[in-house]
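*Asks:* Okay, here's the prediction I keep looking at, along with the sequence it came from:
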Amino acid sequence: MRRIVSSLAIATTAVLVTAGCSAGSGGSSGIDKSAPDKLSGTVSLWHFFSDQNADVMKQVVASFEKKYPDVKVELHDGQDDTKVQKAISAGQPIDVAVSSSSQPVGSFCSSGAFRDLQPFIDRDKVDLDDIPPAVRDYTQYKGKRCTLPMLADSTGMFYNTDLFKAAGIASPPKTLEELEADGLALTKYNPDGSIRQLGFNPLIDFYENGVGHWQPMINGTFLNADGTSAIGGSDAWKKLITWQKAYVDRIGYAKLRAFTSGLGQESQASNAFFTGQVAITIDGEWRVGKITKMKPGLPYATAPSPVMDGVGKYGASSITGNVAGIGRGSKVPELAWALLKYLTTDTAVQVELGNGVSNIPTLTSALKSPDLKVSPVYKTFVVGAADPHTVTFPATPDGAAYLQTFQKAWADYQEKGGDVNAFTANLDITIDNASKLAGP
């Protein structure tokens, strides 16, 4: 059960310079006018999966080789972006590479490190409409599609049903007002006034709280059409920041920070939601698998993230995920495309990957497939991924570094406060200046 990306783990640079592989067919562009009737040769696949998830990839690749018996896939497991870059520098060939995050897409496309896939897509009449809109968005940059999605992460709310029942709360909160009321009702204090149990932790830097995962609360956008920051001009972001700051102040920043510092590690069995120290948390579908493994029997349910009344679209989620592309130096582009297309556009393969890795498929047909294993607690994230109002964040050449800039600035603001208009205006300036340095 692998988490693909955290809103706090921002890749600020990811420029891959790809090299060639074994010989293949094709014209001077490497793309035949029509799809080859027969494929043969060797193609390399570099991906970040390891352990059990790498075994799932092996099974899927074995099915691909069965379909194309004259093609051999060379697998390179456990290869994150850094390892891929080092391999390229050493002259090792890469045909298809899978990145664990969508954040380097702007770099992949703008630098030409990954090939433009549109000629293949047009030639083979690939139905991109089967990919949910938000997912189509994060796999291209300024109209250039150099990647396709393979699996995704979708966010939502987890809540402890026993604690809800004990507090007399009959249903999960749907609005931020309800979230705050329920969170405060579920908060318990020690005799000295310190927090013993927290209903909801409003700190923006707690576990999976973050600007990317809170984006659906206001149906927010980060960038304008011209690539400049949209935060300062958004009343919705200002309202969300103001709401969060008021929530923090109502409990007390020092109390929240002291309580949070004593909580267990997010990725361990000591996770505060697992132990009942926090009753409500915003998280992703990967946490379902973690709970099954680390805390079986935990009384919990899931629901869409609460939204700002009249602004957010209840039921929508934040979605991002891993992406796959063809290295520009690949000498077997037809083999690379066949493998890439198999991994990303075949409904049955997407279902197999989703079931095996416990992440969200990136085809609508796979999300609706009766073969996809969907438990009641997992359904929230599958439905959210397909919601037409689900949001993501746009790619930039610097790996969507504006997310990290926003996150750090908000973490500072939640402690010190100040005029929200001045705060967001200065944030726009910081983001835009960094964007100019990153290039087009």
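*Replies:* Noted; the coordinates are in hand. Bear in mind the structure is a predicted one, so any value in this text is a computation, not a measurement.

*Asks:* Tell me the pLDDT of Gly325.
*Replies:* According to the prediction, Gly325 has pLDDT 93.

*Asks:* what's the spacing between the residue lying closest to it once chain neighbours are set aside and Tyr68?
*Replies:* Leaving aside its chain neighbours, Gly325 sits nearest to Phe114 (3.4 Å; criterion: Cβ to Cβ, 6 or more residues apart in numbering). In short, each C-beta sits where N, CA and C put it, glycine included. Applying Cβ to Cβ, to the nearest Å, the value for Phe114 to Tyr68 is 22 Å.

*Asks:* For the residue nearest to Gly325, grab phi and psi.
*Replies:* When read as degrees, to the nearest 10, the backbone of Phe114 gives phi -110, psi 140.

*Asks:* Mind checking which of Phe114 and Tyr68 has more residues around it?
*Replies:* Phe114 (27 against 18; other Cβ atoms under 10 Å).

*Asks:* For Phe108, see how far away the more buried one is.
*Replies:* 4 Å.

*Asks:* Over to Gly232?
*Replies:* 29 Å.

*Asks:* and these two? which has more neighbours close in?
*Replies:* The neighbour comparison of Gly232 against Phe108 (other Cβ under 10 Å) goes to Phe108, with 31 against 20.

*Asks:* ok, the more buried one touching Cys146?
*Replies:* Yes: if you go by Cβ atoms under 8 Å, Phe108 and Cys146 touch, sitting 5.3 Å apart.

*Asks:* Any chance you could list residues touching both of the two?
*Replies:* Phe114, Gly325 (Cβ atoms under 8 Å, 6 or more residues apart in numbering).

*Asks:* Do you have the helices of the stretch 251-400 of the chain handy? List them.
*Replies:* Listed in chain order, the helices of the stretch 251-400 of the chain (DSSP state H, counting those that start in this stretch) span residues 253-261, 272-275, 286-294, 333-345, 347-357, 364-367, 376-386.

*Asks:* In the fifth one, which residues are buried?
*Replies:* It refers to helix 347-357. Neighbour counts over helix 347-357 (16 or more other Cβ atoms under 10 Å) mark Thr347, Val349, Gln350, Val351, Glu352, Leu353, Gly354, Asn355, Gly356, Val357 as buried.

*Asks:* Regarding the residue of the chain positioned farthest from its centre, what is its secondary structure?
*Replies:* In the chain, counting by Cα atoms, centre = their mean, Pro191 sits farthest out from the average C-alpha position, at 40.8 Å. At Pro191 the chain is in coil, as set by DSSP: H, G, I helix; E, B strand; the rest coil.

*Asks:* how near is it to Gln197?
*Replies:* 14 Å.
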